[in-house]
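Asks: Only the shape, not the letters, is given here:
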Ligand SMILES: Nc1ncnc2c1ncn2[C@@H]1O[C@H](COP(=O)(O)OP(=O)(O)O)[C@@H](O)[C@H]1O
Ligand SMILES: CC(=O)N[C@@H](CCC(=O)OP(=O)(O)O)C(=O)O
């Protein structure tokens, strides 16, 4: 005879409540596209990467359409170092010579992208790797950085000026998981290095995705970095616009990308801690969204949910379940 002890009963209740909490989110995102930016800094160890791959397959199996855009900044830097090629960052972007561009392409497409596709396919053979060069997915135009009001030339650095969504939609229709590396040819075919946050936002807007989630190596946007680790939970677009000129290093392209995404129609874009195992599932399928959520102006957040402030529904009303009903109606 086996007996269920009190502590075990409690943990069973907890497990059941996790499942019931996930249900509305599973319903909300079924059939929707979610763009996930997986930063090179979040790819810390094999267990974390495997958990990420599991989350992506979990989402797919629940009927969500995940589209992964991956970075690989630290991996590129390591390879450039090994080859004795110097590189520096300006305004959070890598100054990219033609020589460095060859390495960027090799590492992002041939190494980081291949690893990720392999990891996902070990769980379920649904991932297909591609870059902005494949199927004409991205066209780039040269990007200049603005530093202290001055425009600075970064070499072969681009931003996405056109997206051919057919290349991705075809894969989604075929039940695949696109895994995208952020390099892109300009209209003359010259391949440019595109920051992966920038590429993810351009893709999310073009696909009219429901959400964009960025996994990185901090808990979110710190209000007073590097002096404190207080995370900004919610950031309406107008506040972010004011903050942008003050931001530093990797947060410059990341927060610019979040702003572009919500300006382009997404209701929210989130930056979250990819060092937490299964951060993606926590962010998408639980009420307790972690990290920093950038929202369109005029939206209010409740847990990881957002709703139109104009609806005038008091949050205390919403907390007792009214909001779930409202959200289903909309
Ligand atoms: N206000 C801030 N809040 C959090 N991190 C910041 C902030 N400003 C700069 N950073 C830096 O930005 C980094 C994240 O950007 P980045 O290195 O480009 O990550 P990823 O590889 O995930 O794109 C953090 O590790 C941190 O060093
Ligand atoms: C122009 C530019 O800076 N490109 C990035 C592309 C990779 C990237 O964005 O990787 P993370 O997301 O890991 O930072 C780079 O060369 O590092």
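Replies: Received it, and whenever you're ready, just let me know what you need. Note that the structure is predicted; figures quoted are calculated from it, not measured. Ligands and ions are numbered 1, 2, ... in the order given.
Asks: For residue 159, give me its contacts.
Replies: For residue 159, the contact set (CB atoms under 8 Å, 6 or more residues apart in numbering) comprises 140, 141, 143, 194, 198, 202. (Glycine included, C-beta is placed from N, CA and C.)
Asks: let's go with 7 Å and repeat that
Replies: 140, 141, 143, 194, 198 (CB atoms under 7 Å, 6 or more residues apart in numbering).
Asks: Of the residues you listed, which pair is most distant in space?
Replies: 141 and 198 (11.7 Å; CB to CB).
Asks: is it true that residue 135 touches residue 167?
Replies: Yes - applying CB atoms under 7 Å as the test, residue 135 and residue 167 come out as touching, 3.1 Å apart.
Asks: The contacts of residue 159 in helices, which ones?
Replies: residue 198 (DSSP state H).
Asks: Please pick the buried ones from the contacts of residue 159.
Replies: 140, 143, 194, 198 (16 or more other CB atoms under 10 Å).
Asks: So which of those residues sit within strands?
Replies: 140, 143, 194 (DSSP state E).
Asks: Throw those into TSV and include distance to residue 254 and pLDDT, thanks.
Replies: Converted to TSV, those look like this (distance: CB to CB, whole Å; pLDDT from 0 to 100):
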residue	distance to residue 254	pLDDT
140	19	98
143	15	95
194	14	98
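Asks: quick one: which of those residues is nearest to ligand 1?
Replies: Taking CB to the nearest ligand atom as the measure, ligand 1 sits nearest to residue 194 out of these, at 12.5 Å.
Asks: List the residues that contact the closest one.
Replies: Residue 194 neighbours (CB under 7 Å, 6+ apart): 132, 140, 158, 159, 160, 182, 183, 184.
Asks: what pairs with it across the strands?
Replies: residue 158 (DSSP bridges).
Asks: Run through who's touching stretch 265-276.
Replies: 38-39, 42, 44, 48, 204-205, 208-209, 211-221, 254, 258, 261-262, 279, 283, 289-296, 299, 306.
Asks: mind listing what residue 137 touches?
Replies: Applying CB under 7 Å, 6+ apart, the residues near residue 137 are 130, 163, 164, 167, 168.
Asks: before we move on, back to that, out of the contacts of residue 194, which one sits closest to ligand 1?
Replies: residue 182 (10.5 Å).
Asks: Report the separation between the nearest residue to that closest one once chain neighbours are set aside and residue 101.
Replies: Nearest non-adjacent residue to residue 182, counting by CB to CB, 6 or more residues apart in numbering: residue 199, 3.6 Å away. For residue 199, the distance to residue 101 (CB to CB, to the nearest Å) stands at 15 Å.
Asks: quick one: terminal-to-terminal distance for stretch 61-80?
Replies: 38 Å (CA to CA, to the nearest Å).
Asks: got the contact list for that stretch?
Replies: 26, 29-41, 56, 59-60, 87, 100, 103-104, 107-108, 111-113, 116, 168, 172, 177-182, 196, 199-200, 203, 207.
Asks: Just the buried ones from the residues you listed?
Replies: Buried members of the contacts of stretch 61-80, scored by 16+ other CB under 10 Å, are 29, 33-41, 56, 59-60, 87, 100, 103-104, 107-108, 112-113, 116, 168, 172, 177-182, 196, 199-200, 203, 207.
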